[in-house]
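# can't give you the sequence, but here's the structure:
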């Protein structure tokens, strides 16, 4: 992995849930400097008066040292242009990118672009998905809008907004969020204010151990066996013994072939038998999987493989049985050889 690899985070959430307000506050924080922001809607609150007046083809340098632009027709091309400007010294030397999605957008295609586009491969790595939820209307939105459910289900962290209008989050809303995504921590924004490190510090992208908080990233201790949504379920597969590289490859290929759109999100850290000292970080969204990223070292003494699944109508028992069956078949083939 290149030493200048840049983590890229996704800020998603339904219409009116406060994404743009949060970004507006983040852009005024010194800790948010050296960040490039890509937006594909401005919402009701502008991020900066200069941005509203800017053409869609402009990259705007902000006073905080951030770079900002509106997404154009092709996300990969926008990212490639930003990286080229950074390499040429024509913009602030950002070391993080945040994409704000449209409120009606499924974030999965963005994740798929990051996983598959060869023009940005090796330069960018997924740093986490954050979903905003309006505490006033969130419960009814989640009941009514399938896309809102998906935005919450694939998030690494959930941020409740507009608590100043509605008081503490209602238990019914918190239960619903837990049903959709038991693994994600639920944070609160105070009138849109939240520290950038609370949102965008997740993801073990390493090249120099900048981020190795695997427990926080996977949040496996938060996994609950309580009742999940009837369709959407989150669970963690844990293996104490190393997994053979061919087993992992066949496992992911089979998931992609048979689960497709019902595999909403997969992320994990894997102890690969052939590389015991360098764990593999894996990401998957629906039928698309990113090539494993190899950390330089284990972040702790815990060397178990831990893979978090967020699925629709794909059950934990089936996934466990699939991994066991493929592992046994690979072991038998190895003995026979």
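Arrived safely. From a predicted model like this one, the values you see are computed outputs, not experimental measurements.
# how many other residues sit next to residue 333?
10 (other C-beta atoms under 10 Å). From N, CA and C alone the C-beta is placed, and that goes for glycine too.
# Locate residue 332 within the secondary structure: which element?
Assessed by DSSP states H and E, residue 332 sits inside helix 316-336.
# Show me what that helix is packed against.
For helix 316-336, the elements it packs on are strand 232-239, helix 245-259, strand 305-312, judged by 3 or more C-beta pairs under 8 Å, 6 or more residues apart in numbering; DSSP states H and E.
# any chance of those in a markdown table, plus mean pLDDT, mean neighbour count and distance to residue 328?
Below are those laid out as a markdown table (pLDDT from 0 to 100; neighbours: other C-beta atoms under 10 Å; distance: least, C-beta to C-beta, whole Å):
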| stretch | mean pLDDT | mean neighbour count | distance to residue 328 |
| --- | --- | --- | --- |
| strand 232-239 | 85 | 20 | 13 |
| helix 245-259 | 93 | 17 | 9 |
| strand 305-312 | 86 | 22 | 16 |
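# can you redo these as JSON lines with distance to residue 298?
Shown next, in JSON lines, are these (distance: least, C-beta to C-beta, whole Å):
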{"stretch": "strand 232-239", "distance to residue 298": "15"}
{"stretch": "helix 245-259", "distance to residue 298": "17"}
{"stretch": "strand 305-312", "distance to residue 298": "11"}
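# contact partners of the helix holding residue 332?
If you take C-beta atoms under 8 Å, 6 or more residues apart in numbering as the criterion, helix 316-336 is touched by 233, 235, 237, 239, 243-244, 246-247, 250-251, 254-255, 309, 311.
# can you rerun that using 10 Å?
With C-beta atoms under 10 Å, 6 or more residues apart in numbering as the test, helix 316-336 has contacts from 225, 228, 233-239, 241, 243-251, 253-255, 258-259, 263, 266, 305, 307, 309, 311, 315.
# just stretch 74-89 next, same as before
4, 6, 8, 36, 38, 40, 57, 59, 67, 69-72, 90-95, 97, 99, 109-110, 113-114, 116-120, 123-124.
# Strands of the stretch 51-200 of the chain, residue ranges please.
Using DSSP state E, counting those that start in this stretch, the strands found in the stretch 51-200 of the chain span residues 59-61, 67-70, 96-100, 124-134, 157-161, 186-188.
# what's the angle from the third one to strand 124-134?
Orientation note: strand 96-100 sits at an angle of 40 degrees relative to strand 124-134 (axes from the mean of the first three to the mean of the last three C-alpha atoms, to 10 degrees).
# where does this structure dip in pLDDT?
Applying pLDDT under 70 to the chain flags residues 1-3, 40-65, 68, 70-73, 166-167, 169, 196-198, 200-230, 337.
# Most distant residue from the centre of it?
residue 336 (40.8 Å; C-alpha atoms, centre = their mean).
# Let's have the strands of the stretch 51-200 of the chain in TSV, adding distance to residue 322.
Shown next, in TSV, are the strands of the stretch 51-200 of the chain (distance: least, C-beta to C-beta, whole Å):
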stretch	distance to residue 322
strand 59-61	45
strand 67-70	42
strand 96-100	32
strand 124-134	24
strand 157-161	29
strand 186-188	31
